[in-house]
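**Q** below are the sequence and a predicted model; questions follow.
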Amino acid sequence: MIRLYNTLTGKKEEFVPVTPGVMHMYACGVTVYDYSHVGHARGAVAFDVIQRYFRRRGYQVKYVRNFTDVDDKIINRAKEEGISPAAVAKKYIDAYQEDMKRLGVDRADVEPLATDHIREMIDVIKRLVEKGLAYPLNGDVYFRVKNFPEYGKLSKRNLDDMMAGARVEVDARKEYPLDFALWKASKPGEPAWDSPWGPGRPGWHIECTAMGFKHLGETFDIHAGGKDLIFPHHENEIAQSEGSSGKRFVNYWLHNGFVNINQEKMSKSLGNFFTIRDILDKYDAEIVRLFLLSTHYRSPIDFSDANLKDARAGLDRFYTMKEGVRNFLAGKKVPAVKPEEVIEAADRPLYEKIQNFGQTFEEAMDDDFNTALAIGILYDLVRDVNKYLAEIDQKNVQAAILLLTAARDAFDDVSRTLGIFLREPEEWFQGARLGESKVTLSVEQIERYIHERNEARARKDWAEADRIRKVLDEAGVALFDRAGGTVWKPK
RNA sequence: GGCGGCGUAGCCAAGUGGCUAAGGCAGAGGUCUGCAAAACCUUCAUUCAGCGGUUCAAAUCCGCUCGCCGCCUCCA
């Protein structure tokens, strides 16, 4: 049973799908006028794991994540760059897809563009006008907030509170200050579509209503986005959607916490942001992904060098274990014996723990997708496996093969759901880690040094062996003398 | 001003009524190693911002105080 925190009710609730066995989810994507920053990455990664998790739990998932490709900021950017708004959108959609691919975020099942749904938006607006929930005004159309009594139910504020706190000058033409635009008359030179109210373009909120309706239906299970979208975006979506359909729009609202820099929200307006690509030039994508998943998705997460380095150390630890298991199992066949016949009593609890690991993982994830807890129990098992490996010489070989094969499979299984720990150890140490390290020698040079050092070691010339170790150390290379030979890793 | 959230060890971070407060990083000691690293073992919060209250029982519920943050304007 999956329990999830619903912003609408302020509580964790049991997930009950609209259609048994099916999960329909809509996540607000990005407005494509610039490169995406790490804050965008957080939501994308969090909801990626959530949709993966529903699939793991057997749901037939339809996941929709849109692109907002018509907007003031896009128009401004187009003017700045001297290209069309459509070209701006295309450029940053491509960039976004590239960033997401690097972060291991799956493509959504549907990735709709606002501009492909103008017809549907106009239909919704027409319905709202017919029902008295919207009114045209000089080519614009506004939502009539006062006629939607439940306005404020998501963000938990009432109209008076909002009026009192209004920080923006209101357009005096509007019937009521909180009425918001569904449709905007276009100015000359701006993108425009024909409508019953004259040429114009959609307001921001209406696209999600139209695309949600079209791809997921008038009532669907989950709508997700960043906490900053609760008001006004999602509040307005509810008003438009429920106002026009007369039905409950969304059953569960999920909102991710912010990425902070020094306790402050990362945002464009504060200027304290890093683009995803900037960060991926400095840190391997898997580090960033693990970092983001190490904190519960609703909590704020502080983006800092120290925290990313923690994540890197965690990956080192995991891949070291994976390497140990893989090396032991290499070339060994799984024996056709029953585990209970060969695994000694002292190791039975560990074997059971491994067997139940998928279930333990699901208990963590069932509780509002607690990836932080899930990663915690995963490290717990890493230690157990390392301990077993340290004592492997005293183990029955058949027992060891069975137990470590089970461990490997258990890790692979949860890794696929989290989208981390999926590489081979070499890819991590000699690929990703080398790529971001400051190693100043070529692989060939390193290997030549190792060869020389091993010759020195063979003749017990420890001084020379240590000298070479030091040379490599200064070049950013760490050496490890293992039973099977010397291996190296970037420091 | 309105509304909402947060404050757990040196750092990161789970835990929201009841077994010894997960896990990681860093630190200390040890095993192993020619040296080293990794790994393993031991150690590392009688205590959960502070003060009161409810309860047989609270980090977990309630109240107040302090500190921090977010939304109310585009924002993931």
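**A** In hand now; what should we look at? These numbers come from a predicted model, not from an experiment.

**Q** biggest helix in chain A by residues?
**A** helix A:305-329 (DSSP state H).

**Q** so what does whichever helix or strand comes after it touch, helix or strand wise?
**A** Using DSSP states H and E, the helix or strand that follows helix A:305-329 in sequence is helix A:339-342. Helices and strands touching helix A:339-342, as assessed by 3 or more Cβ pairs under 8 Å, 6 or more residues apart in numbering; DSSP states H and E, comprise helix A:397-418. (Each C-beta comes from the backbone N, C-alpha and C, glycine too.)

**Q** pick out the residue in the stretch 301-450 of chain A sitting closest to RNA strand B.
**A** A:Gly376 (2.1 Å; Cβ to the nearest atom of the strand).

**Q** in the longest helix of chain A, which residues are buried?
**A** A:308, A:311-312, A:314-316, A:318-325, A:328-329 (16 or more other Cβ atoms under 10 Å).

**Q** near RNA strand B, which residues of the stretch 301-450 of chain A?
**A** With Cβ under 7 Å from any atom of the strand as the criterion, the stretch 301-450 of chain A meets RNA strand B at residues A:301-302, A:306-307, A:309-310, A:313-314, A:316-317, A:320-321, A:367-368, A:370, A:372-373, A:375-377, A:379-380, A:382-383, A:386-387, A:389-390.

**Q** list the buried residues for the helix or strand of chain A with the lowest mean pLDDT?
**A** Ranked by mean pLDDT, DSSP states H and E, the helix or strand of chain A with the weakest confidence is helix A:159-165, at a mean of 76. For helix A:159-165, the neighbour count (16+ other Cβ under 10 Å) marks A:Met162 as buried.

**Q** and for stretch A:413-427?
**A** Across stretch A:413-427, burial judged by 16+ other Cβ under 10 Å covers A:Val414, A:Ser415, A:Thr417, A:Leu418, A:Gly419, A:Ile420, A:Phe421, A:Arg423, A:Pro425.

**Q** check contacts around the last one.
**A** For A:Pro425, the set of contacting residues under the criterion of Cβ atoms under 8 Å, 6 or more residues apart in numbering consists of A:Tyr319, A:Thr320, A:Lys322, A:Glu323, A:Arg326.

**Q** got the phi/psi numbers for it?
**A** phi -50, psi -40 (degrees, to the nearest 10).

**Q** in terms of helices and strands, where is the closest residue to A:Ala311 other than its chain neighbours?
**A** Spatial nearest neighbour of A:Ala311, chain neighbours left out: A:Phe291 (4.0 Å); criterion: Cβ to Cβ, 6 or more residues apart in numbering. Secondary structure from DSSP H and E places A:Phe291 in helix A:285-293.

**Q** sheet partners, orientation included, of the helix or strand just after that helix?
**A** Stepping forward along the backbone from helix A:285-293, the first helix or strand reached (DSSP H and E) is strand A:301-302. Each strand paired with strand A:301-302, and its direction, by DSSP bridges: strand A:259-261 (parallel).

**Q** the partner strand near RNA strand B anywhere?
**A** Yes - using Cβ under 7 Å from any atom of the strand, strand A:259-261 reaches RNA strand B at A:Val259, A:Asn260.

**Q** next secondary structure after that strand?
**A** strand A:264-265.

**Q** residues in contact with that next one: which ones?
**A** Identification of contacts with strand A:264-265 by Cβ under 8 Å, 6+ apart yields A:Gly39, A:Asp228, A:Phe258, A:Val259, A:Leu270, A:Asn272.

**Q** count the neighbours of the residue lying closest to the second one once chain neighbours are set aside for me.
**A** What that stands for is A:Asp228. For A:Asp228, ignoring the flanking residues on the chain, the nearest one in space by Cβ to Cβ, 6+ apart is A:Phe258 at 7.4 Å. Neighbour count for A:Phe258, taken as other Cβ atoms under 10 Å: 20.

**Q** cool, the one 4 residues further on as well?
**A** Each residue near A:Asn262 was counted by other Cβ under 10 Å, and the total is 9.

**Q** state the distance from it to RNA strand B.
**A** A:Asn262 is 9 Å from RNA strand B, where distance means Cβ to the nearest atom of the strand, to the nearest Å.

**Q** same deal with A:Lys282?
**A** Distance check for A:Lys282 against RNA strand B: by Cβ to the nearest atom of the strand, it reads 18 Å.

**Q** wait, that residue touches A:Glu436, no?
**A** Yes - between A:Lys282 and A:Glu436 a contact is recorded at 6.8 Å, counting by Cβ atoms under 8 Å.

**Q** looking at the two, which is more packed in?
**A** A:Glu436 (16 against 12).

**Q** now do the contacts for that one.
**A** A:Glu436 neighbours (Cβ under 8 Å, 6+ apart): A:Lys282, A:Tyr283, A:Asp284.

**Q** same list (those residues) but as JSON lines, adding distance to A:Asp160.
**A** Formatted as JSON lines, the contacts of A:Glu436 follow (distance: Cβ to Cβ, whole Å):
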{"residue": "A:Lys282", "distance to A:Asp160": "48"}
{"residue": "A:Tyr283", "distance to A:Asp160": "47"}
{"residue": "A:Asp284", "distance to A:Asp160": "51"}
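
**Q** tell me the domain ranges of chain A?
**A** Under the assignment automatic domain parsing, the domains of chain A span A:3-293, A:329-423, A:437-490.

**Q** which one of those lies closest to A:Gly431?
**A** With Cβ to Cβ as the measure, domain A:329-423 is the member of these nearest A:Gly431 (7.6 Å).

**Q** the stretch 1-150 of chain A: helices as residue ranges?
**A** In the stretch 1-150 of chain A, the helices defined using DSSP state H, counting those that start in this stretch lie at A:38-56, A:72-81, A:85-102, A:118-130.

**Q** please identify the most buried of these.
**A** For those, the largest average neighbour count (mean count of other Cβ atoms under 10 Å) is found in helix A:38-56, namely a mean of 23.

**Q** mean confidence for it?
**A** Averaged across helix A:38-56, the pLDDT comes to 97.

**Q** that helix near RNA strand B anywhere?
**A** Yes - for helix A:38-56 and RNA strand B, the contact criterion (Cβ under 7 Å from any atom of the strand) is met by A:Gly39, A:His40, A:Arg42, A:Gly43.

**Q** now, which of these sits nearest A:Val110?
**A** For these, the minimum distance to A:Val110 (Cβ to Cβ) is 17.2 Å, reached by A:Gly43.

**Q** report the contact partners of the nearest residue to the closest one once chain neighbours are set aside.
**A** Excluding its sequence neighbours, the residue lying closest to A:Gly43 (Cβ to Cβ, 6+ apart) is A:Asn256, at 4.8 Å. Residues in contact with A:Asn256 (Cβ under 8 Å, 6+ apart) are A:Arg42, A:Gly43, A:Ala46, A:Phe47, A:Ala224, A:Gly225, A:Gly226, A:Lys227, A:Tyr297, A:Arg298.

**Q** from the residues you listed, pick the one nearest A:Ala345.
**A** Proximity of the contacts of A:Asn256 to A:Ala345 (Cβ to Cβ) peaks at A:Tyr297, which lies at 41.0 Å.
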